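Novice: The following block contains a protein sequence and its predicted model.
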Amino acid sequence: GAVVSQHPSWVICKSGTSVKIECRSLDFQATTMFWYRQFPKQSLMLMATSNEGSKATYEQGVEKDKFLINHASLTLSTLTVTSAHPEDSSFYICSARTGANTVEQYFGPGTRLTVT
Amino acid sequence: GENVEQHPSTLSVQEGDSAVIKCTYSDSASNYFPWYKQELGKRPQLIIDIRSNVGEKKDQRIAVTLNKTAKHFSLHITETQPEDSAVYFCAARGSTLGRLYFGRGTQLTVWP
């Protein structure tokens, strides 16, 4: 149980275009999902907390107009990288909690974004 | 917000030896401390966790200790094996929104 998927697993896009990444909880409902970014040989940096039916909460320094998050349902959150640039190339990972009172987060497999 | 420091950044041990990784956190209200193992290009895998009302937890070769007063927690791996080689991250769950904040990671290499 508690499986989280991401799509796509990898994507290459041209500079200036937008890319959408999906995060799905497959066997549970997730009222809260989290988006992380991980550069090579670095740690996971929390970008934002995604809540179903409400606006995402962004961490300091993360541009909300560039990284659009939509938590459309209890099983789906999307991250759209708008006007992507090479410096946005990274490994994007989502995670989800099974309930509001649970602490454990289940991670998706990640999406490798390369902007050329 | 929460600030998690992790040491060392790299650790090399001989197979069969023990490995210890240490983390400190800043938010005294943090109440959950997981440890993750991440292999290259893959998702982090939870290997053990501890809650703030417990001082120590063990699962076979892996143990975690927590000192709330000093705000630090440690991962102990005994009888290390080459397949333990990976990057290990500690994390702390902050007091608001249940967000996890990660340490910088430790590259553990176990030599046969």
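Specialist: On my side now, so go ahead.

Novice: does residue B:32 really touch residue B:92, like I thought?
Specialist: Yes. Assessed by C-beta atoms under 8 Å, residue B:32 is found in contact with residue B:92 at 7.4 Å. The C-beta positions use only the backbone N, C-alpha and C, and glycine is treated the same way.

Novice: where's residue B:108 relative to residue B:25, distance?
Specialist: Per C-beta to C-beta, to the nearest Å, residue B:108 is found 21 Å from residue B:25.

Novice: of those two, who's got more company?
Specialist: residue B:25 (24 against 21; other C-beta atoms under 10 Å in any protein chain shown).

Novice: Can you give me the distance of the more buried one to residue B:46?
Specialist: 18 Å.

Novice: between residue B:32 and residue B:92, which one's more packed in?
Specialist: Of the pair residue B:32 and residue B:92, residue B:92 is the one with more neighbours under other C-beta under 10 Å, namely 26 against 18.

Novice: Quick check: pLDDT value at the more buried one.
Specialist: The score at residue B:92 is 95. That number is its pLDDT.

Novice: That one bridge partners, please.
Specialist: residue B:101 (DSSP bridges).

Novice: How about the contacts made by it?
Specialist: B:2, B:4, B:23, B:25, B:27, B:30, B:32-33, B:100-101 (C-beta atoms under 8 Å, 6 or more residues apart in numbering or on different chains).

Novice: now do 10 Å
Specialist: Contact partners of residue B:92, counting by C-beta atoms under 10 Å, 6 or more residues apart in numbering or on different chains, are B:2-4, B:23-27, B:30-34, B:52, B:71, B:73, B:99-103.

Novice: rewinding a little: overlap of the contact sets of residue B:32 and residue B:92?
Specialist: With C-beta under 10 Å, 6+ apart as the test, residue B:32 and residue B:92 both reach B:52, B:100.
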